[in-house]
Structure formats: C-alpha cells, structure tokens
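Q: I would like to see how this sequence folds:
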Amino acid sequence: MKIYIYRNTTIEPFFKNVNASFSGYDEITHLPQDVDYFIWFYLLPIRSDPTSLKEEIASIYKSMEFVYNNIPTSKDFIVFTLCSMYFNHVETGNFLIQESIIDFNNKAIGLSKSYSNFKLLDFQVFLSRYPTNQLIDWKFYYLSKTLLNPKLSSDFHAWFAKQISSLQMKRKKCLILDLDNTLWGGVLGEEGINGIKIGGDYPGSAFFTFQQSILELYKSGIILAVCSKNNESDVLEAWEKNPYILIKKENLAAYRINWENKANNIKEIANQLNIGLDSIVFIDDNPSERALIKQTMPFIETPEFPEHPYMLPEFIKQITEKNFVSYKLTDEDKVKTRQYQERASREELEKSFSNFYDYLLSLEIILDIKPANDLTIPRIAQLTQKTNQFNLTTKRYTEAEIHKFLELGYWIHTISVADRFGDSGLTGVSIISYDKKNNIADVDSFLLSCRILGKGIEEVFLSVLLIKLKEVGCKKVTSTYLQSQKNDQVKSFFDKMGFSLTTCDNENKYYTLILDECQIRVSYPFKIIYNEN
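A: Have a look, this model is predicted:
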C-alpha cells in the first residue's frame, strides 16, 4: 500500500510503518499518480486570535476541497477530522473556534455521504485516549514543527492500521462466548436461573451492559456462537425463562453446550460455519480454558478477561475496536447470523435425501444475476476485500476502483441467492474486462461467499455470463488462477468449466476458452433471473 499525505506540520514519525510520501507544508498542487490512497491530515494550527484561526480553518477546508476535486475518482481520499489540541481561551463564552471546527467536520461528513471515495476518519477518537497536556510536546513543536507528540506515534501506528482495515472492511467474523461468569455472574448449575447475576444491581448490571454491547455486534453482522461447559437443558431453560439474558439461542449461529474439550468444540463450530480459525474471537473468564485455546489454536484471538465485572464495558470496547470495526455496513452484514441459521436448516434437510439432484430441487433455489450499480458497489468492494476461499485471483478493490471499472466498460455482475429457507443476499461477484474491438474478454475476478458453495451455483453463475458474452459476439475468454494461502480449493475450477490451460507460472495458471468451439449448458435445477439493468 502506497499513500501520499497532505499535511501542514511534521507528521513523518506517525507513518513510519507504511509506505508514505508527504507534501510540503500547506503544499496542495502536487498530485502523484502511483499511489493507492491520498490522505488529508491537517492539525489545527497554534493561534491566539480566534478570528484569524477561524479564517485559517475556512482556508484549510477550501484547500482540502481543491485537492479532492483533482484526485482521480478511482482513488480513495482519506480525511482526518479537524480537532482542537490546544487553544488558550481568554473569553470562555466565545465559541467561534468550536463552531468553525464543527462546520469543517460537518461539511466533510456531507462529502463522505455523497462520494464513495471520500472517507472520513474521526481523529478525536484517537486523541480522546490522552489528557490534553500529553497531546503536544512543545520542544518538538518549536524545534521541528511536530505538533502531535511523537511519544504517541506507536499508539497511532496501531490505531491507523485498524482504520485502514476498517476502510477495507476487514474484520473478524465470529465471536464465540462462554456463559458462566462471562455472560452472567455465577454458575448456572449451582445458582439456578434466578440466582445468576444478570440485570438489576451490580454486578448483574455490568453483565447486562456487556450483553447489550455484544447484541450490537450481532446487529452489525458479527456471528455469535456459544461454547460452554454446562448442561444444555439448563441453558435452554435459562434462555427461555430469564428475561434479563439478552444473548439467547435465536441470536446464535451455532453452539456447543456440553462437557467436552473446548478446543474440539470450537473446531466443530468453525467447521459448521465454514470459517477459518483466524476469523474467530473467543471470550472466556477461565484462564485455563484461554490457555488451552492459545496453545492449540493460536490463530484465534483470545483476550484476557477482566478481573472485575465493572471493567466489562471497556473490555468489549477494546475488543470491538481491535477486531470488529467496519467503516460501512452492508445490508448483508446486518442479517449474517440469520443466513448461517438458514444454512444449518439446509444441511439438516440434505441428510434426508439420498439423491443430490432431488435435494437441490427441493431447495427451490433462485439465482438473481445482474450488473453492478451504485447500490451494490459497496458490497462488491467488500466481497473482493473479504473473500478468500472461493476467489480465483484474490484481487482487492475499493469502491472507487469498482466505479472506475464501470466507467471503462467492464462487465461487473453480482449474484444473489435465495431458496425456501431464506435469502442469502448478494454473495458472488464477477469482474470481466471486455475488448469489443477484438471480441476478447478476460475474467479479472470471480468469487463467491463460502455460504453458498457446494450446490453448483458457481458453475451456473459463470456459465450464464459466458452465454451472455457469446451472445454479444465475444470469441475468446481468458482467465487466471492466482494462488493464495487460502484458495487452493478453486485451483481446478477453470479446468472443470472447460477452459484450456495455456501456461503455468509456479502455482499460477492461465487459461483460454474459445466460445465458438464449446457448448455451454446449465444443468442444475435453479430458477435463473438475469437482469440486463
């Protein structure tokens, strides 16, 4: 990742962990072409006169707007909100500076809502961690014009890395929870449904707040699961009868409530959900259980549990910031657990069929294939960033880059999948460049969510697109499999689809398909809806 930063002070110490280059102080005319992101990181200047500072804030906004209007629309422009780090207030009833800062940030918020490549980072979230007298080291300011205290650079590195992950919509997928002394105080088997501490006075009030925060993660699309050493019947009764328990069975995509080894139970949950161990956070109050998971499954994030219940709000806040933050949620994010529950119902149904075709027929699967549009571009970008297993090239794209591809005439299609159990939403993307002059297409990206695999949907999706390409006169389609750490399962997908292998480069494979020389058939019992618009 290569970034270019517009700045008005010395900020190099805060970006040593990234490939960054910097403008001169207040220099806004240089516009490098070979960068992935442009960043606007201006700190509020040190001024004593409120009127002159107000004018400077207005000037900073005009400069920022000028830069944004000149960068390529295919590049993201990341803007830090303007924050007050120091001002010597003589007239405490004069809010001129505060109003100017609010006006700057409100205008920036408006731009972020209107333009997909304008991304706004709330810098106050970082600054609020520290007392105001630690934000500036005046020696560094006067000697090197470093306004932000260099001692904060290590913390900033970690915070900024999480902001970039958030912009790229990379976050953990699943939160697995213990029950006793984790989601409530006390041991259910000993104290009973009404004896456990949840709701009411402290410490039950702290556990109640903790569950409220977890429920918000659930609403944002984080998959919840439970792994607890308990009697399942006791827990099911508690879920049903205790009104203060907020995290119940219907909020869970999976659970293992038994007396088995928790490491084995967590492996089963991961296999059931078809997710990697590195996408899981495990919360348990028991240090021996945490140690077991850390030793046997180090890829799982296993934080230390707080010593006292009153520490739970800060605990879940830190876990959220580290693992679950996303810049923007899609509609699919908000119904993630429901989709996993529906998948479990499909798998249960499959067990009752001896013939796979009859099973597919019973699902009443509907495939909705359509070109990309402004509403689906955020989800398309998210899938390119997050999908690893069924992803032929693992190329990562931003919303701005998807917009640029559409401007260049790329064929970008999505597939949404529904069946008798529910709607899985937009779960697949195809990005194809098409040279109309030479009638040649190239499959740049082809990827599907693991939730819909195993039914032939991926074959039908590509077949429909190949048929449409053939209808518009395309003669040849090229494609590529680029190996990654996680996409080994698709290394023979293009072979299976009838493409001819032309060359190999280590584990990467390059293919060609002559459309006039092949017959493309769709042999699965799906209802296919293809929308031209």
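Q: select the longest strand from this structure.
A: strand 422-435 (DSSP state E).
Q: quick one: name whatever helix or strand follows that one.
A: Downstream of strand 422-435, the first helix or strand assigned by DSSP states H and E is strand 440-448.
Q: give me the angle between that next one and strand 422-435.
A: 160 degrees (axes from the mean of the first three to the mean of the last three C-alpha atoms, to 10 degrees).
Q: list the buried residues of strand 440-448.
A: Judged by neighbour count (16 or more other C-beta atoms under 10 Å), strand 440-448 contains these buried residues: 440-441, 443-448. Bear in mind the C-beta positions are built from the backbone N, C-alpha and C, glycine included.
Q: make TSV out of these and add pLDDT and distance to residue 76.
A: Shown next, in TSV, are the buried residues of strand 440-448 (pLDDT from 0 to 100; distance: C-beta to C-beta, whole Å):
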residue	pLDDT	distance to residue 76
440	96	30
441	97	28
443	97	25
444	97	19
445	97	19
446	98	24
447	97	21
448	96	25
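Q: with distance to residue 255 added, can I get those residues in a markdown table?
A: Converted to a markdown table, the buried residues of strand 440-448 look like this (distance: C-beta to C-beta, whole Å):
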| residue | distance to residue 255 |
| --- | --- |
| 440 | 51 |
| 441 | 46 |
| 443 | 40 |
| 444 | 40 |
| 445 | 35 |
| 446 | 34 |
| 447 | 30 |
| 448 | 27 |
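Q: farthest pair in those residues?
A: 440 and 448 (24.4 Å; C-beta to C-beta).
Q: so which elements touch the longest strand of the chain?
A: helix 336-350, helix 377-386, strand 411-419, strand 440-448, helix 457-471 (3 or more C-beta pairs under 8 Å, 6 or more residues apart in numbering; DSSP states H and E).
Q: restrict the last one to CA atoms and write it as PDB.
A: Pointing back at helix 457-471 there. The C-alpha atoms that make up helix 457-471 are tabulated as PDB, following Å, rounded to 0.1, in the frame of the first residue of the first chain:
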ATOM      1  CA  ILE A 457     -24.100 -22.200  -8.000                       C
ATOM      2  CA  GLU A 458     -20.600 -21.100  -9.000                       C
ATOM      3  CA  GLU A 459     -20.700 -23.200 -12.200                       C
ATOM      4  CA  VAL A 460     -24.100 -21.800 -13.200                       C
ATOM      5  CA  PHE A 461     -23.000 -18.200 -12.500                       C
ATOM      6  CA  LEU A 462     -20.000 -18.400 -14.800                       C
ATOM      7  CA  SER A 463     -21.900 -20.300 -17.400                       C
ATOM      8  CA  VAL A 464     -24.700 -17.700 -17.600                       C
ATOM      9  CA  LEU A 465     -22.000 -15.000 -18.100                       C
ATOM     10  CA  LEU A 466     -20.200 -17.000 -20.800                       C
ATOM     11  CA  ILE A 467     -23.500 -17.400 -22.600                       C
ATOM     12  CA  LYS A 468     -24.200 -13.700 -22.500                       C
ATOM     13  CA  LEU A 469     -20.700 -12.900 -23.700                       C
ATOM     14  CA  LYS A 470     -21.200 -15.300 -26.600                       C
ATOM     15  CA  GLU A 471     -24.500 -13.600 -27.500                       C
END
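Q: chain center to the next helix-or-strand element following that helix: distance?
A: Heading C-terminal from helix 457-471, the first helix or strand you meet, by DSSP H and E, is strand 476-481. From the chain centre to the centre of strand 476-481 is a distance of 29 Å (C-alpha atoms, centre = their mean, to the nearest Å).
Q: hmm, who's touching the lowest-mean-pLDDT helix or strand in the chain?
A: None of the helices or strands of the chain scores lower by mean pLDDT, DSSP states H and E than helix 336-350, at a mean of 81. With contact meaning C-beta atoms under 8 Å, 6 or more residues apart in numbering, helix 336-350 is reached by 218, 221-224, 251-254, 272-273, 332, 359, 362-363, 419, 421-425, 451.
Q: show me which of the residues you listed are buried.
A: For the contacts of helix 336-350, buried by 16+ other C-beta under 10 Å: 218, 221-224, 251-254, 272-273, 332, 359, 362-363, 419, 421-425, 451.
Q: how about stretch 120-132: buried residues?
A: 120-121, 123, 126-127.
Q: typo on my end, stretch 16-35
A: 18, 20, 22-23, 35.
Q: among these, name the ones in strands.
A: Short answer: these in strands (DSSP E) are 20, 22-23.
Q: which one of those is nearest to residue 530?
A: residue 20 (44.6 Å).
Q: contact partners for that closest one?
A: Counting by C-beta under 8 Å, 6+ apart, residue 20 has contacts 2-5, 39.
Q: okay, who's weakest in those by pLDDT?
A: Confidence by pLDDT is poorest for residue 2 among the contacts of residue 20, given 92.
Q: for residue 292, pull up the helix or strand it's in.
A: Judged by DSSP H and E, residue 292 forms part of helix 287-296.
Q: list of residues touching the helix or strand just after that helix?
A: For helix 287-296, the following helix or strand on the C-terminal side (DSSP H and E) is helix 312-323. Residues outside helix 312-323 that contact it (C-beta under 8 Å, 6+ apart) are 162, 171-172, 206-207, 209-210, 213-214, 217, 281, 283, 301, 303, 305-306.
Q: pLDDT averaged over helix 312-323, what's the number?
A: Here the average pLDDT along helix 312-323 is 96.
Q: buried ones in it, by neighbour count?
A: Neighbour-count burial for helix 312-323, counted by 16+ other C-beta under 10 Å, picks out 312, 315-316, 319-320, 322-323.
Q: which residues does the closest residue to residue 34 other than its chain neighbours contact?
A: Among residues not flanking residue 34 along the chain, residue 2 sits closest, at 6.8 Å (C-beta to C-beta, 6 or more residues apart in numbering). Taking C-beta under 8 Å, 6+ apart, we find residue 2 in contact with 19-21, 34-37.
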